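Q: Here is the input, now give the coordinates:
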Amino acid sequence: MNKRTLLIFTLVCAFVQATPLYALSPEQKLAGAFEAFFEQHVARENITGAAFVVASPQGIIHVAAAGHTDTSRSRPIDENTIFRVASVSKTFAAGLTGVLINEGEFGWADRVVDHVPEFRINGDTRQLLIEHLLGHSTGLVPHAYDNLIEDGVPMDRIKNQFSKLSYICPPGNCYSYQNSLFSLIEPVIERATSQLYSELMEEKIFRPLGMKTASVGYEPFISSPNHAKPHVKSRGKWKTVNVKPNYYRVAPAAGVNASALDMGQWLMAQMGGHPAVIHPRVVETLTEPRIKTIRDTRRKHWRDMISEAHYGLGWRIYQLGDEEIAYHSGWVSGFRADIAWSNEHGIGIAVLMNVEGSSINELTTTFWRMAFDSLPPILDADLLAATPASP
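A: Below is the predicted model of the structure:
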C-alpha cells in the first residue's frame, strides 16, 4: 500500500468511525471523507482559498470551503464566493452551443465562414466547421495567438491574424488546443441569434439552472463583494495580485465566473438533473470521444490512472481503467479550476482555487480514487427511477 492510498484509507476510516453509518448515504460518506483530505491538503500546501462541491443528478450532496479570499485573511471563502473558472468556461460555451443547435439556430456541421464571412486562414477556410472549433480539431497550430491574448490585444485585432495560419493536418484529424479560435463561437452565436453571448448564457444556462452568482466577464467579477482574489507564488509565498482582464476577451474560452454552489448546479445538468435546460442527448453529443489527446495520459497525478484520453466538444473524456469520466480543467493567472463527473456512478465534483499550481490535480484524482473504491455503479433501472431536479 503506497503512502497516498494509506492516507486515503486512514481518512475514510476516521470519518466512518466518527459518523453514525445509518445517517449517511454512500455518496455523503464519500464527500465527508474527501472533505477531510481537502482540508488537510489546503493546510499542507498553504493554499489561500479553495472550495469544492459534490453533486448527483438529484441534487448537491456536499459543498465545502477553506481559506480566505486574499492574504489579508479578512474574508473567509464560502459556498457563494465567486472564482474565475478559466478554461472550464469551455464546457459552458459547448453547453450553450448544444442548446442553441437543439433549438435549430444552426448546426454542428455548419461552416464557420458561413456565419463569420470575414474569417480567413491561409488555406481552404470552407473546411472549418463549428464542431472543429469546439472540438479543438481545427488542424491549425495549437494555442494560436495566445501570446496576443496575454498581451491584452483585442479579439477583433487577433482575428485579423488568422489569415496567416496554415493547416498542420486536415480539420478533424488531429488535436490542436485553442483559445482564440475556440472563441469564434461567440460571433457565430451572436449573429445567428441577434443576441449577445453573455445575455444568452444568462438566459439559457445560468438563470434556468439557478446559478445565482454566475456571470461572464471582468466587470461582473470584480464588482462582486464576495469574489476570490488571484494569487501567485513570490519567494515561496502566495501573493495577492490584480485580476488580469486579458482572457476575459475570449469569453467562450475563459470568461465564466462561478461559485462552488453554482458549479454544483452545472454538474447536475451534465448528469441529467435538468433535462428541460440541457437535454441528455445534448450532453451525449458533447461528451462523445472524438480526438485522442495522448499528452493528457502523462499529466502529473493522472498518469497512473488514465488509460485513454480524448476531447469531445468542450469536454475531455478520460478512460480510467474500467471507468470513464468527463472532465475539464482551467488555469488563468491566480486561479485554478477542475470539474469532472461520472455517468456510471452518478456523481461529480468541481474544485475551485484562487492560487496557481498543479496541486489541484492531487485533489481531483484523490476524489476519484475514493469514489471508485466506495461507490457501486448505478444500474440503468436506478437511473430511470431517479427524479431529476426541477430547473
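Q: Helices along the stretch 51-200 of the chain, start to end?
A: 89-102, 112-115, 130-134, 146-150, 155-159, 185-193, 197-201 (DSSP state H, counting those that start in this stretch).
Q: Could you dump those into TSV with mean pLDDT, distance to residue 319 and mean neighbour count added?
A: C-beta coordinates here come from the backbone N, C-alpha and C atoms, glycine included. Output for the helices of the stretch 51-200 of the chain, formatted as TSV (pLDDT from 0 to 100; distance: least, CB to CB, whole Å; neighbours: other CB atoms under 10 Å):
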stretch	mean pLDDT	distance to residue 319	mean neighbour count
helix 89-102	98	19	23
helix 112-115	98	30	18
helix 130-134	98	21	25
helix 146-150	96	28	16
helix 155-159	91	35	15
helix 185-193	98	27	20
helix 197-201	98	30	20
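Q: and the spatially closest residue to residue 247 that is not a sequence neighbour, what is it in contact with?
A: Closest residue to residue 247 apart from its sequence neighbours, by CB to CB, 6 or more residues apart in numbering: residue 254 at 3.9 Å. Counting by CB atoms under 8 Å, 6 or more residues apart in numbering, residue 254 touches 84, 86, 87, 89, 90, 179, 247, 248, 330, 332.
Q: shouldn't residue 279 be in contact with residue 102?
A: Yes: the pair formed by residue 279 and residue 102 meets the contact definition of CB atoms under 8 Å, at 6.2 Å.
Q: re earlier: and the helices of the stretch 51-200 of the chain as CSV, adding distance to residue 326?
A: Listed next are the helices of the stretch 51-200 of the chain as CSV, based on distance: least, CB to CB, whole Å:
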stretch, distance to residue 326
helix 89-102, 9
helix 112-115, 25
helix 130-134, 14
helix 146-150, 24
helix 155-159, 28
helix 185-193, 19
helix 197-201, 20
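Q: And the longest helix seen in the chain, what does it pack against?
A: Secondary structure of the chain per DSSP state H: the longest helix is helix 26-44. Contact here means 3 or more CB pairs under 8 Å, 6 or more residues apart in numbering; DSSP states H and E; on that basis helix 26-44 packs against helix 3-17, strand 49-56, strand 59-67, strand 347-353, helix 360-374.
Q: And the fourth one, what does it pack against?
A: Spelled out, that is strand 347-353. Strand 347-353 makes packing contacts with helix 26-44, strand 49-56, helix 260-270, strand 335-342, helix 360-374 when contacts are defined by 3+ CB pairs under 8 Å, 6+ apart.
Q: what bits of the stretch 1-150 of the chain have low per-residue confidence?
A: Within the stretch 1-150 of the chain, the stretches with pLDDT under 70 are 1-22.
Q: tell me the mean pLDDT for stretch 241-259?
A: Mean per-residue pLDDT for stretch 241-259: 97.
Q: Buried residues in it, which are they?
A: 243-244, 246-259 (16 or more other CB atoms under 10 Å).
Q: Likewise for stretch 318-328?
A: Applying a neighbour-count criterion of 16+ other CB under 10 Å, one finds 318, 319, 320, 323, 324, 325, 326, 327, 328 buried in stretch 318-328.
Q: export those to TSV and tack on distance to residue 157?
A: Putting the buried residues of stretch 318-328 into TSV (distance: CB to CB, whole Å) gives the following:
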residue	distance to residue 157
318	36
319	40
320	42
323	44
324	41
325	38
326	34
327	33
328	28
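Q: Which two among these are spaced furthest apart?
A: 323 and 328 (17.1 Å; CB to CB).
Q: For residue 361, find the nearest of the helices of the stretch 51-200 of the chain.
A: For the helices of the stretch 51-200 of the chain, proximity to residue 361 was assessed by CB to CB; helix 89-102 is nearest, at 17.7 Å.
Q: what angle do that closest one and helix 260-270 make?
A: If you take axes from the mean of the first three to the mean of the last three CA atoms, to 10 degrees, helix 89-102 sits at 40 degrees to helix 260-270.
Q: How about the nearest residue to residue 316 once chain neighbours are set aside: which residues does it bridge to?
A: The shortest distance from residue 316 to any non-neighbouring residue, by CB to CB, 6+ apart, is to residue 327 (4.7 Å). For residue 327, the beta-bridge partners under DSSP bridges are residue 316, residue 340.
Q: What distance separates the opening and closing residues of stretch 165-181?
A: By CA to CA, to the nearest Å, the extent of stretch 165-181 from end to end equals 11 Å.
Q: ugh, typo on my part, it should be stretch 204-224
A: Termini of stretch 204-224 sit 22 Å apart (CA to CA).
Q: Name the residues of it that are buried.
A: Using 16+ other CB under 10 Å as the burial criterion, the residues of stretch 204-224 that qualify are 204-206, 208-211, 213-218, 220-221, 224.
Q: Which members of those occur in strands, if any?
A: 215, 216 (DSSP state E).
Q: Which of the buried residues of stretch 204-224 sits closest to residue 36?
A: Lowest distance from residue 36 to the buried residues of stretch 204-224 (CB to CB) belongs to residue 213, with 26.8 Å.
Q: right, and that closest one touches residue 258 too?
A: Yes: contact criterion CB under 8 Å: residue 213 and residue 258 qualify, at 6.9 Å.
Q: Pretty sure residue 339 is one of the things the residue nearest to residue 316 touches, is it not?
A: Yes: between residue 327 and residue 339 there is a contact under CB under 8 Å: 7.0 Å.
Q: For the closest residue to residue 45 other than its chain neighbours, give its distance to residue 97.
A: Nearest residue to residue 45 in three dimensions, chain neighbours excluded: residue 359, at 5.0 Å (CB to CB, 6+ apart). Between residue 359 and residue 97 the computed distance is 32 Å (CB to CB, to the nearest Å).
Q: go on, residue 303?
A: From residue 303 across to residue 97, the span is 31 Å (CB to CB).
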